[in-house]
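Peer 1: sequence and predicted structure, then a few things I'm wondering about:
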Amino acid sequence: MKVFTDFIRKIKQTKHFEFIAWTVIFFVLMMILYLYLIHANLSTAPKFVYTQF
Amino acid sequence: MKKLTAFLTALVLFLVSAAGMHFYAESRITVNNNAFSFWAIEKKFVAREALTKNINADTVAVFGSSEFQHGRKTPYHPGNMFAGNKFNMMLIGAGYYQSLSHALTLASIGNDLPTKEAVLFISPQWFRSDGVLPEPFSSRFSETHYIGMLQNPNLSKTTKTYIIERVKTLLKADPPALERTELYEKVLSGNASFSERLNYRLYTSFLKEKELQSVAIRMARDGIKKNASLSSSEREPDFQALMDQAGKDGEKENSGNPFFMDDSSYRLFIRPFLKAKKNQSVNGSYSTSPEYADLECFLHVCQDLGIRPLLVSLPVNGYWYDYTGFPKKERQIYYEKIRQVAKKYGAELADFADQEYTKYFFEDGVHIGKKGWVMINESIYRFYQKNKTDKTL
């Protein structure tokens, strides 16, 4: 746990912290949107229940 | 400024990641064995690119409906009977896939079939008075196949017009999809504005990517491996031995239901409704239906693209249909009409009308079972072998 908190503190102290944080946020948002669009059922066809003849 | 730079950096990273996913999926969908062909799943049927990339010199395109999803765990399903064999059937179809959907798909992929052979399983239940209904048709509609059909230069204008008009009528159940098909037509006939062309480019690229990724993921989930053992055997299955075994297995799985169905199907789908079904179909008929014109459309596509069709005329379960009161005479009229259509277009016909009372031919009231699969698989295999021999002469 200590290693992790030290690591976070170190990152926070770097002068590029804000830039890295925003880049990660934008990237994650773009990936979420992309993966949603790729995998969501976007069909607009009316739903029907398959029944055997 | 910092946020803008961060956004642009994230965009570059995103584009690199998306490109990586694209190339990975693309390399994943071409399989070196026949597992993909016999894989019967909706995501595959609608994905044009995945289908065409897995067609080889021993592929016969086989179009049908829900029977492909039945009996998959038995040795009689084609995927098991021909496992490891060079010969492979590209199965396309599930419940509510009917002649028009198949005509559309064949019009889209027909030029990519080296064997120039297509098989169509014809279910009598397709030929109800309404034919295919708008809601099920829209749910099975593939926009990439529609574009493939529009782009096919070998398809005659008459066939194309018929498909377009029928699709327009049936897609009224799905207005956004109908609107998009109209856009595709406009763009591909060269009458679109710049913004319409741009819209078409962006949307179709997205659609193709969506299909590609969906198929790749589903393949991984269902264990369809890119590099499994090669399907190279040319050994013919022992159809007689399989037929004998099918009879024995049928007896084992039927503890006395009078319709010679599998007990599991009988208990689940038939027994609870027995009383209600008795003489329910005394006015049943398959002799008048728009499906006949759709079937002819499928055969027109075959003619336009130089494809040899084999029509597999499936029977109904005679024991069950007699119980529901569906007139025998009407069934005979239907079988005869199918014979006439096949004759008119010079299509080969695997006619199983005389198998209505073959025990264990069916799994339930309508789906073929053990003996049904053995007999039909043999007829398709003979069709493939005969055409192969004709080509070498």
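Peer 2: Ah, there it is.
Peer 1: please make it C-alpha for all contacts and neighbour counts, starting now.
Peer 2: Fine.
Peer 1: is chain A contacted by the helix or strand that contains residue B:220?
Peer 2: If you go by DSSP states H and E, residue B:220 is part of helix B:194-221. Yes - using C-alpha under 8 Å from any C-alpha of the partner chain, helix B:194-221 reaches chain A at B:209-210, B:213-214.
Peer 1: want to try a markdown table for those, with neighbour count as columns?
Peer 2: Converted to a markdown table, the residues of helix B:194-221 next to chain A look like this (neighbours: other C-alpha atoms under 10 Å in any protein chain shown):
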| residue | neighbour count |
| --- | --- |
| B:209 | 20 |
| B:210 | 19 |
| B:213 | 21 |
| B:214 | 18 |
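Peer 1: alpha carbons of the lowest-mean-pLDDT helix or strand in chain A, as CSV, please.
Peer 2: None of the helices or strands of chain A scores lower by mean pLDDT, DSSP states H and E than helix A:2-13, at a mean of 84. Output of helix A:2-13 as CSV, limited to C-alpha atoms (Å, rounded to 0.1, in the frame of the first residue of the first chain):
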residue,chain,number,x,y,z
LYS,A,2,2.8,2.3,0.9
VAL,A,3,4.5,1.7,-2.4
PHE,A,4,1.3,2.7,-4.2
THR,A,5,0.7,5.9,-2.2
ASP,A,6,4.4,6.9,-2.7
PHE,A,7,3.9,6.3,-6.4
ILE,A,8,0.8,8.5,-6.5
ARG,A,9,2.5,11.2,-4.6
LYS,A,10,5.5,11.1,-7.0
ILE,A,11,3.2,11.4,-10.0
LYS,A,12,1.3,14.3,-8.4
GLN,A,13,4.6,16.1,-7.9
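Peer 1: what sits up against that helix?
Peer 2: Helix A:2-13 is contacted by residues residue A:17 when judged by C-alpha atoms under 8 Å, 6 or more residues apart in numbering or on different chains.
Peer 1: and if you look at stretch B:316-336?
Peer 2: With C-alpha under 8 Å, 6+ apart as the contact definition, stretch B:316-336 has outside contacts at B:124, B:258-260, B:277-287, B:313, B:353, B:356-357, B:362, B:364-366.
Peer 1: now, which of those residues lie within helices?
Peer 2: Secondary structure assignment by DSSP state H places residue B:277 of the contacts of stretch B:316-336 in helices.
Peer 1: buried subset of the contacts of stretch B:316-336?
Peer 2: Buried members of the contacts of stretch B:316-336, scored by 16 or more other C-alpha atoms under 10 Å in any protein chain shown, are B:124, B:259-260, B:277, B:284-287, B:313, B:353, B:356-357, B:362, B:364-366.
Peer 1: which stretches of chain A form helices?
Peer 2: A:2-13, A:17-39.
Peer 1: element containing the residue nearest to residue B:348 when sequence neighbours are not counted?
Peer 2: Sequence neighbours aside, residue B:310 is the residue nearest to residue B:348 in space, at 4.7 Å (criterion: C-alpha to C-alpha, 6 or more residues apart in numbering or on different chains). Using DSSP H and E, residue B:310 sits within strand B:308-313.
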